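In: mind folding the following:
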Amino acid sequence: MIDNKYYYPLIVDGRPIDGVGYFYPTVGETWDGILNDTNGFHVEPRHVLEALEDARSGSIKEGNVGGGTGMQCHQFKGGTGTASRVLTKEEGGFTLGVLVQANHGFRPFFEIMGISMADLIKGADPVINTFEPKPGTGSIIVVIATDAPLLPWQLSKLCKRVPIGIGKLGSGYENGSGDIFLAFSTANENAYTTEISDVKLLGDDMIDPLYRAVAEAVEEAILNVLFQAETMTGREFNTFYELPQDQVMSILRKHGKAK
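Out: Numbers count the residues shown, from 1 in each chain. Next up, the predicted model:
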């Protein structure tokens, strides 16, 4: 049983409000059974408490960290990545950020800036000595945060733009990919109340720049995963290699996409 010091009451106007119901946490999962001994039950209650104690705001590390430790992405080493966009003053000046846990993608479909990388990248093929699911099987979790005053049905529409960013890198075609998208707004802090509350609402005609921000940030966050993740060998010496960045940059320069 978790000690009572880990009970967090609802905060409204800076005051803890008790007796308004229990709020369940949202926990996402992506399968890392190629690198990790998933049936070993190695995570114990103390690890959960340590994670809660260590939770903090601010920038996070990317690549082989947290839940992204055992991930693969387009059959390279995957992991955790972030990216954000700030809209212009004319567009509302809102900020939108995304966090991804990338564990998806099939190497033959992988592309960057419209250039297919499948036949151009040499080597770095994964080494699998155990059961291997059908290529492309996996998941990607995407969490979107924004300070734009959006209500639930509008946040749902943000989630529907996530596949644009995923698709720009050549994924999203695989039946075995269990994709999970979640969006929330930090605006309308007083929206939850036991009485009556007024909330701000961004008109739908003003949301287009946020849709674009979602697609761009998701694409960039996945690329950040690939550029930050490092080669990892796991159970039974299964290995996913990091994206060979020198090759990628050489390919992009050859096609006039990088300097």
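In: which stretches of this protein form helices?
Out: Here the chain has its helices, by DSSP state H, at 45-54, 152-159, 162-167, 208-228, 245-254.
In: all strands of the stretch 1-150 of the chain, in order?
Out: 10-12, 15-17, 72-73, 76-77, 79-86, 95-105, 111-112, 115-116, 136-146 (DSSP state E, counting those that start in this stretch).
In: nearest to residue 59, of the ones you listed?
Out: Closest to residue 59 of the strands of the stretch 1-150 of the chain, according to C-beta to C-beta: strand 79-86, at 7.7 Å. (C-beta placed from N, C-alpha, C; glycine too.)
In: among the strands of the stretch 1-150 of the chain, which is nearest residue 249?
Out: Nearest to residue 249, of the strands of the stretch 1-150 of the chain and by C-beta to C-beta, is strand 111-112 at 10.1 Å.
In: as a quick check, tell me the outermost residue of the protein.
Out: For the chain, the largest distance from the centre (C-alpha atoms, centre = their mean) belongs to residue 195, which lies 35.3 Å off.
In: how close does that residue sit to residue 214?
Out: 34 Å (C-beta to C-beta, to the nearest Å).
In: name all residues that make contact with residue 211.
Out: 157-158, 161 (C-beta atoms under 8 Å, 6 or more residues apart in numbering).
In: count of residues packed around residue 206?
Out: Per other C-beta atoms under 10 Å, the neighbour tally for residue 206 reads 13.
In: surely it touches residue 90?
Out: No: counting by C-beta atoms under 8 Å, residue 206 stays clear of residue 90, with 10.4 Å between them.
In: got TSV for the helices of the chain, with mean pLDDT and distance to residue 114 too?
Out: TSV is the format used below for these (pLDDT from 0 to 100; distance: least, C-beta to C-beta, whole Å):
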stretch	mean pLDDT	distance to residue 114
helix 45-54	89	39
helix 152-159	97	24
helix 162-167	96	12
helix 208-228	98	12
helix 245-254	96	11
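In: nearest to residue 238, out of those?
Out: helix 208-228 (18.7 Å).
In: buried residues, the closest one. List them.
Out: For helix 208-228, burial by neighbour count (16 or more other C-beta atoms under 10 Å) applies to 209-210, 212-226, 228.
In: that one to strand 136-146, inter-axis angle?
Out: Going by axes from the mean of the first three to the mean of the last three C-alpha atoms, to 10 degrees, helix 208-228 is angled at 130 degrees with respect to strand 136-146.
In: where in this protein is pLDDT low?
Out: Scanning the chain for pLDDT under 70 picks out 1-23.
In: try 50 this time
Out: Applying pLDDT under 50 to the chain flags the ranges 1-6.
In: who wins on neighbours among the contacts of residue 211?
Out: Going by other C-beta under 10 Å, residue 158 tops those with 24 neighbours.
In: grab the nearest non-local neighbour of that one.
Out: Excluding the flanking residues, the one nearest residue 158 by C-beta to C-beta, 6 or more residues apart in numbering is residue 183, at 4.6 Å.
In: give the contact list for the one you found.
Out: 143-146, 150, 155-156, 158-159.
In: again, but for residue 197
Out: Counting by C-beta under 8 Å, 6+ apart, residue 197 touches 190-191.
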